[in-house]
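K.L.:
Here's a sequence, model it:
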Amino acid sequence: MCYDIKTSLETQMKRAVRRGDYEAAEQIREKLLPHTDLPLYHASGFSHPRMLIYTGADPEFPAVATWGLVPHWVKDRKQGMNLWNKTLNARGETIFEKPSFRKAAQNNRCLIYIDGFYEHHHHKSKTYPYFISRKDGNPMALAGLYNDWVDPETGALLTTFSIVTTEGNPLMARIHNNPKLSGPRMPLILPEELEDRWLNPLNDALDQKALQELMRAYPEEALTAHTVAKIRGKSYAGNIPGISEKVHYPELD
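P.N.:
The predicted structure is shown next:
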């Protein structure tokens with residue numbers, strides 16, 4: 001699962017400036033930043049933050065999107081709002097089967113750049129949050145699905161997205177040990193050489209199979225993890241810069 005993330009404007013602009021297009025970066029700051037909730041030192045998907053995504057329609061320039069996918073078949077805003085807590089994540093193994101995701105899986109895939117994500121570890125009936133990031137300090141490119149939905153009452157366009165998840169690697173197996181789940185999960189983190197392939201359009205069933213072959217756990221040795229302050233409940237400090245800093249829990253030693 002991936003319900004909690006950290007990201008900044010600089011991280012989310014990574015793809016836009018990868019070829020030195022700083023004019024595009026300035027446009028993003030002026031035109032898009034005011035419509036986002038960035039920076040997000042900690043954001044829960046259940047608060048439906050507005051972030052930047054990169055789509056196949058314009059792979060080099062991002063769009064503002066809300067976390068929690070509203071499928072194309074939703075009839076009204078009330079139905080969409082009732083559904084989007086259930087579409088924060090899309091299980092990679094079934095994205096071509098589930099009604100909420102299969103059209104987006106075929107035609108509307110996206111990338112979301114983050115600094116890292118948070119996951120809870122269960123220990124003696126209590127939970128302890130971890131922050132997971134790349135060892136080299138570079139942003140993670142998460143695979144996502146998105147949809148553009150038009151509110152029939154107002155005509156307003158709402159772009160929403162879901163983060164694709166896959167089976168967890170050994171590191172996540174040690175952290176993500178929720179006894180209610182069948183096994184560890186993690187967001188689908190794409191190596192840089194596979195980012196463009198995720199955005200490429202599908203042409204036939206063979207392409208679909210090739211896309212599913214991209215859904216692999218990110219290598220354990222490329223990630224690092226540490227415990228952080230609580231990100232739920234009364235002791236939660238909120239969306240502050242220090243929320244991802246290491247906190248020691250002696251009971252986990």
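K.L.:
Now do the helices in the stretch 151-253 of the chain.
P.N.:
Assigned by DSSP state H, counting those that start in this stretch, the helices in the stretch 151-253 of the chain fall at 170-175, 192-199, 205-212.
K.L.:
To residue 109, which of those lies closest?
P.N.:
helix 192-199 (5.6 Å; Cβ to Cβ). Every residue, glycine included, has its C-beta placed from N, CA and C.
K.L.:
Figure out how far that closest one is from the centre of its chain.
P.N.:
Remark: helix 192-199 is offset 16 Å from the chain centroid, using Cα atoms, centre = their mean, to the nearest Å.
K.L.:
Looking at strand pairing, list the partners for the residue nearest to the spatial centre of the chain.
P.N.:
Taking Cα atoms, centre = their mean, the centroid of the chain lies closest to residue 163, which sits 4.2 Å from it. When assigned by DSSP bridges, residue 163 has beta-bridge partners residue 89, residue 144.
K.L.:
hang on, the earlier thing: could you identify which of the helices of the stretch 151-253 of the chain is most buried?
P.N.:
Neighbour counts (mean count of other Cβ atoms under 10 Å) averaged over each of these peak at helix 170-175, with a mean of 18.
K.L.:
Send me that helix as PDB with only the CA atoms.
P.N.:
The C-alpha trace of helix 170-175 is given here as PDB (Å, rounded to 0.1, in the frame of the first residue of the first chain):
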ATOM      1  CA  PRO A 170      12.300  -8.000   1.600                       C
ATOM      2  CA  LEU A 171      12.800  -4.600   3.200                       C
ATOM      3  CA  MET A 172       9.000  -3.900   3.000                       C
ATOM      4  CA  ALA A 173       8.300  -7.400   4.200                       C
ATOM      5  CA  ARG A 174      10.100  -6.500   7.500                       C
ATOM      6  CA  ILE A 175       8.200  -3.200   7.800                       C
END
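K.L.:
Now do that helix: everything it contacts.
P.N.:
Identification of contacts with helix 170-175 by Cβ atoms under 8 Å, 6 or more residues apart in numbering yields 119, 121, 130, 132, 183, 184, 185, 186, 217, 220, 223, 225.
K.L.:
pretty sure the third one is in a strand, no?
P.N.:
Yes: checked against DSSP: H, G, I helix; E, B strand; the rest coil, residue 130 lies within a strand.
K.L.:
ok now do it, which residues does it touch?
P.N.:
Contacts of residue 130 (Cβ under 8 Å, 6+ apart): 118, 119, 120, 121, 175, 225, 226, 227, 228.
K.L.:
Equivalent analysis for the fifth one, please.
P.N.:
Contact partners of residue 183, counting by Cβ under 8 Å, 6+ apart, are 167, 168, 173.
K.L.:
quick one: the last one and residue 121, what's the gap?
P.N.:
In this structure, residue 173 lies at 11 Å from residue 121, with Cβ to Cβ, to the nearest Å as the measure.
K.L.:
now the first one
P.N.:
Note on residue 167: its distance to residue 121, by Cβ to Cβ, is 18 Å.
K.L.:
what's around residue 128, how many residues?
P.N.:
17 (other Cβ atoms under 10 Å).
K.L.:
ditto for residue 213
P.N.:
Residues within reach of residue 213, counting by other Cβ under 10 Å, total 9.
K.L.:
Give me the pLDDT value at it.
P.N.:
With respect to pLDDT, residue 213 has a value of 90.
K.L.:
Ramachandran angles for it?
P.N.:
Dihedral pair for residue 213: phi -70, psi -20, per degrees, to the nearest 10.
K.L.:
what helix or strand is the spatially closest residue to residue 145 that is not a sequence neighbour on?
P.N.:
Of all residues not flanking residue 145 in the chain, residue 104 sits nearest, at 3.9 Å (Cβ to Cβ, 6 or more residues apart in numbering). In this structure, residue 104 sits in helix 102-107 according to DSSP states H and E.
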